[in-house]
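> Below is the sequence, then the predicted model.
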Amino acid sequence: MRGYQEVAFRTAYLITGDASEAEDATQEAFVKAYRALGRFRSGARFRPWLLAIVANEARNQRRSAARRAGLFLRATREGTPESNPSSPEAAVLASERREELLEALGGLREEARWAIACRYFLGFSEEETAAILGCARGTVKSRLSRALKSLRAEIAKEGDAG
Amino acid sequence: MPDRERELERELRALGALIDYPPTPDLARATRNLLDEEADRFRRFRLAFPTLRWAAVAAAFVLIVAIPTLSPTLRATISGWFVAGGSQSAGRPALDAGSSERESEANAAASGVSKSGEAATSSALTTRFSGERITLREARARMEGALLLPDTPKLGKPDQVYALGTSQNDGVVLVYRESLPPLGDTGLSLVLTEVPGDIEPAYLAGETAVGSKLDRVSVDGRPGYWSAAGSLPQMDRHLPSNVLLWEQRGVALRLEADPPKEQAIRIAESVR
């Protein structure tokens, strides 16, 4: 489990938006995974199986439906420090662009946000993304493509509004 | 891939790289400590109650030797007790001989919404779920307000509601007794299980996924899975039912009933 704890914790953190809830969810998932090891299909990959359990536990940890929408963005926004700007002007532009992206992500459906987070924020493989999204591996690409399309539309919408 | 798309992907990766996650706690060690503590508690419990081992031996004796010599009625009753215990697994419903006191209490709580109670057949009376009997209101609270119910005049409201597992987020089981053709001699006609989360970890993890024959179906545009009776390992081995799995509003649903696929999907599509 030690080799997986970081990726498991980060996944739970992006879902719950809270370090202590993420810790609880990951530990509970590890216990459940340990108890379910006998049912793990031999030949299957362990990491996607474990991540699916972690994601499920993390979703269960979220205390109330009302909090759900903002968690992912809060976790992302609060955890995004300033990058190294080449100039003050570049820093402002970069910061504005990040904010624009985050706002656009906030306008997406949860399913689309997760497709993007799994692939680009957490760097998961298609198989791992499929396990977390609870869909077939073959549908990850199309789901991601739709998510990016929606994201571009959201960005354009913001651009028009601005 | 157009440059614009590549650029967006690059920006998203860069944004992801900037996320400053909290330090990862040593969860592997914490988990190991927790499991060790559990094992210790179990060992201490066994040492403190050695007579339980004799109880287990006695139970085995009843099953293997005594039951075959009893009258058919008494044999069925006693077998029911043991089968009920054996069919239970973590987080899943199982049949058991529950407390009739509790049942009447929960029936009273569900009065006005239930058509079961006194009208139940004799086999229905012996078919009970071992999870805690709860009211619809408790089920709603347990599902954080996301309890989903079929909206068909034929079904009406569930006759009984059970908590699934022991923790708050394990989900609920809704039991309908007489609305549809019965499931064998179980006294049940439809069982709807609701678990927060996705279908896969809820119902298709581990051995369930191995060798299961599942047809992909669409439930109101949402992907679902259909399994004819006998081809999907049952959550409860006493239900000879067809199974329909789908996900809706963050809840993984499992509908177990006798009607054919199209009718089951229609029922599923009425769920809201």
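Noted; the coordinates are in hand. Residues are numbered from 1 along each chain as shown, chains lettered A, B, ... in the order given.

> what about chain B, any weak spots by pLDDT?
B:1, B:40-130, B:166, B:168-169, B:200-213, B:230-240 (pLDDT under 70).

> Going by contacts, tell me the helices and strands next to the helix or strand harbouring A:Ala12.
Under the criterion of DSSP states H and E, A:Ala12 resides in helix A:5-16. Here helix A:5-16 touches helix A:19-35, helix A:46-61, helix A:65-78, helix B:27-48, going by 3 or more C-beta pairs under 8 Å, 6 or more residues apart in numbering or on different chains; DSSP states H and E. The way it works is simple: take the backbone N, C-alpha and C, and place the C-beta from them, glycine included.

> Quick check: buried residues in it?
Residues of helix A:5-16 classed as buried by neighbour count (16 or more other C-beta atoms under 10 Å in any protein chain shown): A:5, A:7-16.

> can you check stretch B:156-172 too?
Of all the residues in stretch B:156-172, those buried under the rule 16+ other C-beta under 10 Å are B:156-165, B:169-172.

> swap in stretch A:122-132?
Buried residues in stretch A:122-132, counting neighbours by 16+ other C-beta under 10 Å, are found at A:122, A:124, A:126-132.

> is it anywhere near chain B?
Yes: using C-beta under 8 Å from any C-beta of the partner chain, stretch A:122-132 reaches chain B at A:122-123, A:131.

> Residues contacting that stretch, please?
A:7, A:10-11, A:14, A:45, A:47-49, A:51-52, A:55, A:114-115, A:118-119, A:136-137, A:139-141, A:144, B:13, B:16, B:200 (C-beta atoms under 8 Å, 6 or more residues apart in numbering or on different chains).

> Just the buried ones from the residues you listed?
The neighbour-count criterion (16+ other C-beta under 10 Å) marks A:7, A:10-11, A:14, A:47-49, A:51-52, A:55, A:114-115, A:118-119, A:140, A:144, B:16, B:200 among the contacts of stretch A:122-132 as buried.

> And the strands in the stretch 101-250 of chain B, which stretches?
Using DSSP state E, counting those that start in this stretch, the strands of the stretch 101-250 of chain B run over B:133-134, B:160-163, B:172-176, B:190-196, B:215-219, B:222-227, B:242-248.

> Could you list the paired strands of the shortest one along with their orientation?
The one in question is strand B:133-134. strand B:160-163 (antiparallel) (DSSP bridges).

> In CSV, list the C-alpha atoms belonging to the strand it pairs with.
C-alpha atoms of strand B:160-163 as CSV (Å, rounded to 0.1, in the frame of the first residue of the first chain):
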residue,chain,number,x,y,z
GLN,B,160,-40.0,-2.6,3.8
VAL,B,161,-36.8,-0.6,4.0
TYR,B,162,-33.5,-1.9,5.3
ALA,B,163,-30.1,-0.3,6.0
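
> helices and strands around the longest helix along chain A, which ones?
With secondary structure taken from DSSP state H, chain A has its longest helix at helix A:137-161. When contacts are defined as 3+ C-beta pairs under 8 Å, 6+ apart, helix A:137-161 packs onto helix A:88-106, helix A:110-116, helix A:126-133, helix B:3-18.

> buried residues in the longest one?
Within helix A:88-106, the residues that qualify as buried by neighbour count (16+ other C-beta under 10 Å) are A:94, A:98, A:100-102, A:104-106.

> Can you list the low-confidence ranges for chain A?
For chain A (pLDDT under 70), the answer is A:1, A:39-43, A:62-86, A:159, A:161-162.

> What residues does the stretch 1-150 of chain B have near chain A?
Within the stretch 1-150 of chain B, the positions adjacent to chain A are B:4-5, B:8-9, B:11-16, B:18-22, B:24-32, B:34-35, B:90, B:144-146 by C-beta under 8 Å from any C-beta.

> Please repeat the previous calculation with a cut-off of 10 Å.
B:4-5, B:8-35, B:38, B:90-91, B:143-146 (C-beta under 10 Å from any C-beta of the partner chain).

> got the buried residues of stretch B:156-172 as TSV, with distance to B:Leu244 columns?
Formatted as TSV, the buried residues of stretch B:156-172 follow (distance: C-beta to C-beta, whole Å):
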residue	distance to B:Leu244
B:Gly156	19
B:Lys157	20
B:Pro158	17
B:Asp159	20
B:Gln160	20
B:Val161	19
B:Tyr162	19
B:Ala163	22
B:Leu164	17
B:Gly165	21
B:Asn169	23
B:Asp170	21
B:Gly171	16
B:Val172	17
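
> domain parsing for chain A?
Using automatic domain parsing, the domains assigned to chain A come out as A:1-79, A:89-162.

> Rebuild these as CSV, extending it with distance to B:Ser270.
Formatted as CSV, the domains of chain A follow (distance: least, C-beta to C-beta, whole Å):
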stretch, distance to B:Ser270
domain A:1-79, 22
domain A:89-162, 23
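
> how many neighbours does A:Lys149 have?
Residue neighbour count, defined by other C-beta atoms under 10 Å in any protein chain shown, stands at 12 for A:Lys149.
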